[in-house]
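S.K.: What shape does this take:
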Amino acid sequence: MAVQIALPYTRSEAKEWAKASLKGVCNVVMPTFTADFKGLNEEAIKHDVRLCAQLGFSQTLLVSEGGTTFEEYLQFIEIANDARPEGLGLVVHGSFNSVEETIEAGRYAQNHGGTALLLSYDPNFYPKSEDDVYEYTKRVSDSTDLGIILFAVTTWGFARLHPSQFPPRLVERMTDLETTIAVKYEANLPGLVTGMADVQRRVADKIIVSDPMEFNGPGWIDIYGMQWMGTSGYEYFGDRVPKWFNLLQEDKWDEAMEVYYSYAPARKARGAVNTSVSAAKLLHRPAWKFMGWLQGFNGGPLRMPQMRLDGATMNSLREGLEKSGYDVTDEPNEAFFVGRNPR
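M.R.: The predicted structure is shown next:
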C-alpha cells in the first residue's frame with residue numbers, strides 16, 4: 001500500500017513556498033519497463049531517481065510520455081517517491097489524454113511525494129480563445145493543491161491566439177491563480193529574448209520565471225537572478241549543469257563559466273538531435289533516454305509508439321560526450337536496449 005505524504009505547503013502558501021524552495025536544476029526521468037513490456041521495472045526506476053540526486057539535481061520530472069498506461073504512471077510516482085533521497089523534488093508531467101487525467105494525476109501525486117505539476121495541454125484541446133486556455137488551467141488549479149508550473153511553449157499551437165505563440169497577457173492572468181508557482185518559458189521564437197523580457201516584466205514579482213534551455217542560463221541568472229531552471233534532459237551532461245548553475249548562484253562566475261564551456265561538443269550533439277525532429281512537436285524520448293544511459297542511467301526501450309533510435313544518432317551523442325572529456329561508458333550501444341537493471 002502506498003504511503004501518503006503531505007505536500008510541503010498549502011494552497012495559500014504555494015507561491016511563497018516556491019520562491020523559498022523551488023531552486024536549482026530539474027532534469028527528467030523516464031519510465032523503464034520489464035523485458036516483456038508488461039509492467040514497470042521498479043529497480044531500474046529507483047536507480048535513475050537516486051542517480052538524479054547524486055548528480056546534483058534538485059528536482060526531477062517524471063515523464064508521462066514514455067508509453068505508460070495511466071495506472072502505471074501513478075505507480076511510477078509511487079516508485080520514484082519510495083526511492084528519492086531527501087531533498088529531491090518530484091515534478092509530475094501533466095501530459096495526458098485529457099484534462100481529467102491530469103487532474104487525477106495531480107491529486108494522486110500531491111499525497112504521494114509530488115511537489116509540483118508541469119502543465120501541458122492535451123492533443124485534443126483546440127482553444128478558440130485565450131479564455132479557453134485560462135479555463136483549462138483554472139480547472140486544474142481548482143482541482144488539485146499541487147503547485148502548477150505553466151508551460152509557455154510553441155508546441156500547443158497557440159500562435160493563432162497571439163503572435164508570440166503563447167499570449168503573454170494570458171501568462172499574466174494565469175499567474176493570479178492560487179496554485180501557479182512558476183512558468184517554463186519557451187515561446188516567441190525566434191525572439192525568445194524579447195518574450196522572456198516581456199514575461200519577466202509582467203509576472204516575475206509573483207512567480208518564478210525559467211527558461212529551460214541551459215545554454216541561456218548564465219544570461220538569465222545575470223540579468224534576472226533566475227533561481228530555478230527546468231525541466232529538461234540535463235542528465236546528458238552529467239553533473240555539470242547543476243554544478244555551474246549553483247556556482248553562479250554563489251557569484252563564482254569564472255569557475256562556473258569554465259564548467260559551462262567545457263561540454264560545448266556535447267551541447268552541439270544534443271541540439272542537432274532536437275532540431276532534427278522539431279517539426280513533429282514531440283521530443284525524441286528514446287534519444288533522451290540513451291543520453292542518460294551514456295551517463296550511467298538505466299536505459300532500456302520505451303513502449304510504442306515512439307521514434308526510432310538509429311546508430312548514427314547514438315554515435316553522434318556518444319562522440320559529443322567523449323569530445324567534452326566525459327568518462328563515457330564503454331558498453332556497446334546495443335546494451336542500451338537491455339538496460340542496466342534488466343528484469
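
S.K.: wait, what's in contact with the nearest residue to G39 once chain neighbours are set aside?
M.R.: Leaving aside its sequence neighbours, G39 sits nearest to F33 (Cβ to Cβ, 6 or more residues apart in numbering; 6.9 Å). Placement of C-beta: from N, CA and C, glycine included. When contacts are counted by Cβ atoms under 8 Å, 6 or more residues apart in numbering, F33 is found next to G39, L40, N41, G67, G300, P301, L302, R303.

S.K.: redo that, cut-off 10 Å
M.R.: 39-41, 44-45, 66-68, 72, 300-303, 339, 343 (Cβ atoms under 10 Å, 6 or more residues apart in numbering).

S.K.: and it, backbone torsions?
M.R.: phi -110, psi 160 (degrees, to the nearest 10).

S.K.: Residues in a beta bridge with it, which ones?
M.R.: Beta-bridge pairing of F33, defined through DSSP bridges, involves L40.

S.K.: What distance do you get for it to G114?
M.R.: Here the distance between F33 and G114 works out to 22 Å (Cβ to Cβ, to the nearest Å).

S.K.: before we move on, what about V199?
M.R.: For V199, the distance to G114 equals 25 Å [Cβ to Cβ].

S.K.: what's the burial count for the residue lying closest to T329 once chain neighbours are set aside?
M.R.: In space, not counting the residues next to it along the chain, T329 is nearest to L294; the distance is 6.1 Å by Cβ to Cβ, 6+ apart. If you count neighbours by other Cβ atoms under 10 Å, L294 ends up with 24.

S.K.: Find the helix or strand that the closest residue to E130 other than its chain neighbours is a member of.
M.R.: Nearest in space to E130, with sequence neighbours left out and distances taken as Cβ to Cβ, 6+ apart, is L170 at 4.8 Å. With secondary structure defined by DSSP states H and E, L170 is part of helix 168-175.

S.K.: likewise G67?
M.R.: Under the criterion of DSSP H and E, G67 resides outside all helices and strands.

S.K.: Count the neighbours of Y126 for me.
M.R.: Counted by other Cβ under 10 Å, the residues lying close to Y126 total 10.

S.K.: got a list of what it touches?
M.R.: Counting by Cβ under 10 Å, 6+ apart, the residues that Y126 touches are D132, W156, G157, R160.

S.K.: From those residues, pick the one nearest I207.
M.R.: Distance ranking of the contacts of Y126 against I207, using Cβ to Cβ, places W156 first at 19.1 Å.

S.K.: May I have the secondary structure class of the spatially closest residue to G56 that is not a sequence neighbour?
M.R.: In space, not counting the residues next to it along the chain, G56 is nearest to P242; the distance is 3.5 Å by Cβ to Cβ, 6+ apart. The assignment at P242 comes out as helix when based on DSSP: H, G, I helix; E, B strand; the rest coil.

S.K.: which residues touch P242?
M.R.: The neighbourhood of P242, defined by Cβ under 10 Å, 6+ apart, consists of G24, V25, C26, N27, C52, L55, G56, F57, S58, M229, Y234, V259.

S.K.: quick one: the helices in the protein?
M.R.: In chain order, the chain shows helices spanning 14-21, 42-54, 70-83, 99-109, 130-143, 168-175, 192-203, 217-224, 240-249, 253-262, 264-276, 285-294, 311-323, with DSSP state H as the criterion.

S.K.: so which of those helices gets nearest L62?
M.R.: Taking Cβ to Cβ, helix 70-83 is the member of the helices of the chain nearest to L62, at 5.6 Å.

S.K.: quick one: average pLDDT of the closest one?
M.R.: pLDDT averaged over helix 70-83 equals 98, rounded to a whole number.
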